[in-house]
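Undergrad: just need the structure, nothing else, for what follows:
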Amino acid sequence: MFSFFQKKTPLTTIFPEDFVDIHSHFLPNIDDGSKSMDESVAMLRRMHGYGIKNIICTPHVMESVWENSSEAIQQKLDALNAHLKSIDFTGISVTSAAEYMLDANFDSLLKTEKLRPLKDNYILVELSFISAPVNLYETLFNIQIAGYKPVLAHPERYSYFHNDFSAYSKLKAAGCLFQLNLLSLSNYYGSSVTAVTLSLLKQQMIDFAGTDTHKHHHLDFLEKIADRKVLKLIEPVLRANAFFRK
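TA: Residues are numbered from 1 along each chain as shown. Model (predicted):
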């Protein structure tokens, strides 16, 4: 726990020992995240330097863009872990789930495939940044009927909810858990995202957090988050992420 008597305490120094990053894109050459094995290793070393020792990679699964199968994700994970072992990079656990876009293809996957969960039956899902799907609540219902629990990635970033805050309460009532992007604690995504982030935290609507790291640039900004009031708000959420330790 940080001290309010310290002049500056970066977010990257207060991660709990058992923190699990449940949203990241470290698997190389599978989506818009890491572009090489070397880049993956370099970013993982930075994460380890923050005290983050448990990471769940969540490559995108998106129709006509990144149609990653569970088998393809597993192959990339196996290759990354084999490489980490070959260079004697120990003290870090890297597993994988997926980040599922709620599109027409997802409806098909839900009916025909075994999805890759964060843990147990918790699956990470995302929405388009342009507009919510017209069948959003039907899909959320179907996810739960299929035996899964939806964890909505970065709800604070969907600008079409910003002017209707009641939409967040409706999503929670529909069974959605919320995963905050830690970069939203800064102005990285814009001031409106930051404002909504703080409102969601103050109303205790955020369940978990993730870095959603795609590249070094994201980690550069993560290291700049040091507002003491903001860190006090996010501390209980960071502790909640221990739930995903395997």
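Undergrad: could you list the buried residues of stretch 83-94?
TA: Leu84, Val94 (16 or more other CB atoms under 10 Å). Any C-beta I mention is one placed from the backbone N, CA and C, and that applies to glycine too.
Undergrad: for the helix ranked longest in the chain, packing partners?
TA: Using DSSP state H, we find that the single longest helix of the chain is helix 70-86. With contacts defined as 3 or more CB pairs under 8 Å, 6 or more residues apart in numbering; DSSP states H and E, the packing partners of helix 70-86 are helix 37-49, strand 93-96.
Undergrad: quick one, grab the pLDDT at Asp212.
TA: At Asp212, the predicted lDDT confidence score is 98.
Undergrad: any chance of the backbone angles for it?
TA: phi 50, psi 40 (degrees, to the nearest 10).
Undergrad: could you do Pro28 as well?
TA: The phi/psi pair for Pro28 (degrees, to the nearest 10) is phi -80, psi 140.
Undergrad: list the contacts for it?
TA: Pro28 makes contact with Ser34, Lys35, Ser36, Met37, Glu39, Ser40, Lys76, Leu80 under the criterion CB atoms under 8 Å, 6 or more residues apart in numbering.
Undergrad: show the end-to-end separation of stretch 81-90, please.
TA: 10 Å (CA to CA, to the nearest Å).
Undergrad: just stretch 152-160 next, same as before
TA: 15 Å.
Undergrad: before we move on, back to that, so which bits of the longest helix of the chain are buried?
TA: So for helix 70-86, counting by 16+ other CB under 10 Å, buried means Ser70, Ile73, Lys76, Leu77, Leu80, Asn81, Leu84.
Undergrad: residues touching the fifth one, list them.
TA: In this case it means Leu80. Counting by CB under 8 Å, 6+ apart, Leu80 has contacts Phe26, Leu27, Pro28, Met37, Ser40, Cys57, Val94.
Undergrad: which residue is nearest the centroid of this protein?
TA: His23 (2.6 Å; CA atoms, centre = their mean).
Undergrad: these two touch, right, it and Ser96?
TA: No: the criterion here is CB atoms under 8 Å, and His23 misses it with Ser96 at 11.5 Å.
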